[in-house]
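**Q** Pasting the sequence and the predicted model now:
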Amino acid sequence: MKNIKEMKKMKKYEVLKDVEHQAIMDPVYDDDGEIIECSVLYQIRALRDLPGVKAGDLGGFIESEKTLSQDGECWVYPHAFVFGKSRIEGNAKVAGVTKVYDSEIFGSACIYGKEDLGGRGITVSDSTICGKAIISGDKIYISTTEVADWATIGDNCHIRNCQISGNTSIKGNRIQGGYDLRDTNGNVNYVSLTNVSLRNSHVSNYARVNVGKHVYLVDAEITSENDVLYINASTTSFVFFRGRKGKVFFSEDLGTMQFLENVESSNIFIECARRYFYSH
């Protein structure tokens, strides 16, 4: 019987290189229908027991052993695909219908794509997911973003070039009956965030914060695009948003946060913005 030290030295998984356990992903075809470019991923199989995984269980698909650490309890589960220079370490989990491109996932972070193979699942690219962050659901697209601490991200979210930390929660409208919820104009209701740093904030429904310059929001409560007012005044940009207790904050490019009531506003545009925002 192997002792604990021997178990720790033993690899926890193997990469299966036979054709039966290969996945040809993202193929590019020529005019004759021949594949000229693709990614080849290989399924993994557990060599020893892990939490929720038994020796002999098949896992997800990775490019090589450089992708998934042999240490810790990190694991890639069936239906998950990890590409390129991605690295999974620590106790991180990647499961469900999920694609991870050139990203780092470590700590106790978890990514749970929807188990329904007909869904679009989760796509993460060029990002870092760490801490105890949880990303779960369907139709989630994350790129060039850092998700850390206890942040959670749910269904129907498009997030690009953001920093998400603290107890921030982000979730678009849930999918009902296999269809996206749409507004009266037929627009898909999903959360869209670009160039935003969020900490201890709540974003839901079909909120949109898509700004040209990066802004920093703390303790924000954003449930629709009406909760954010973006103003560009020649050399300075301001983002006004509603706080959790109903107060209105604003953020400058440098990330300073102030109560709007405390601003000594000699600029007419700030005063007008405040009146507009309070009246809506």
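**A** Perfect, thanks for sending it.
**Q** shouldn't residue 80 be in contact with residue 94?
**A** Yes - the criterion here is C-beta atoms under 8 Å, and residue 80 meets it with residue 94 at 4.6 Å. Where you see a C-beta, it was placed from the backbone N, CA and C, and this is true even at glycine.
**Q** Name the residues contacting each of the two.
**A** Shared contacts of residue 80 and residue 94 (C-beta atoms under 8 Å, 6 or more residues apart in numbering): 60, 100, 111.
**Q** Out of those, which is nearest to residue 49?
**A** residue 60 (17.6 Å; C-beta to C-beta).
**Q** The closest one: neighbouring residues, count only.
**A** 23 (other C-beta atoms under 10 Å).
**Q** now residue 79
**A** Residue 79, neighbours per other C-beta under 10 Å, totals 19.
**Q** Tell me the spatial nearest neighbour of residue 38, not counting adjacent residues.
**A** Leaving aside its sequence neighbours, residue 38 sits nearest to residue 27 (C-beta to C-beta, 6 or more residues apart in numbering; 4.2 Å).
**Q** who's in contact with the one you found?
**A** Residue 27 neighbours (C-beta under 8 Å, 6+ apart): 35, 37, 38.
**Q** packing partners for the one helix or strand residue 142 maps to?
**A** Taking DSSP states H and E as the definition, residue 142 sits inside strand 140-143. The contact analysis (3 or more C-beta pairs under 8 Å, 6 or more residues apart in numbering; DSSP states H and E) places strand 140-143 against strand 122-125, strand 157-160.
**Q** could the ones you listed be laid out in TSV, adding mean pLDDT?
**A** What follows is these, written out as TSV (pLDDT from 0 to 100):
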stretch	mean pLDDT
strand 122-125	95
strand 157-160	92
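**Q** Just name the most buried of the ones you listed.
**A** Most buried of the helices and strands packed on strand 140-143 by mean neighbour count (mean count of other C-beta atoms under 10 Å) is strand 122-125; its value is a mean of 23.
**Q** Give me the contact list for that strand.
**A** 96-103, 105, 111-114, 135-138, 140-144.
**Q** what bridges to the residue nearest to residue 21 when sequence neighbours are not counted?
**A** Leaving out its chain neighbours, the residue that sits closest to residue 21 by C-beta to C-beta, 6+ apart is residue 43, at 4.0 Å. Beta-bridge pairing for residue 43 (DSSP bridges): residue 61.
**Q** From residue 134, how far out is the residue nearest to residue 72 when sequence neighbours are not counted?
**A** Sequence neighbours aside, residue 90 is the residue nearest to residue 72 in space, at 4.9 Å (criterion: C-beta to C-beta, 6+ apart). Applying C-beta to C-beta, to the nearest Å, the value for residue 90 to residue 134 is 14 Å.
**Q** Looking at those two, which is more packed in?
**A** The neighbour comparison of residue 90 against residue 134 (other C-beta under 10 Å) goes to residue 134, with 20 against 16.
**Q** Wait, that one touches residue 108, no?
**A** No - the pair residue 134 / residue 108 is not scored as a contact, 9.2 Å apart, by C-beta under 8 Å.
**Q** Please save the CA atoms from stretch 203-214 in CSV.
**A** Taking Å, rounded to 0.1, in the frame of the first residue of the first chain, the C-alpha atoms of stretch 203-214 are listed here in CSV:
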residue,chain,number,x,y,z
VAL,A,203,-24.4,44.5,-11.7
SER,A,204,-27.4,42.7,-13.1
ASN,A,205,-30.3,42.6,-15.7
TYR,A,206,-29.1,44.3,-18.9
ALA,A,207,-26.8,46.9,-17.4
ARG,A,208,-24.1,48.4,-19.7
VAL,A,209,-21.0,50.2,-18.7
ASN,A,210,-19.0,50.6,-21.9
VAL,A,211,-16.6,53.5,-21.6
GLY,A,212,-13.7,54.6,-23.7
LYS,A,213,-11.4,55.3,-20.7
HIS,A,214,-11.1,53.0,-17.8
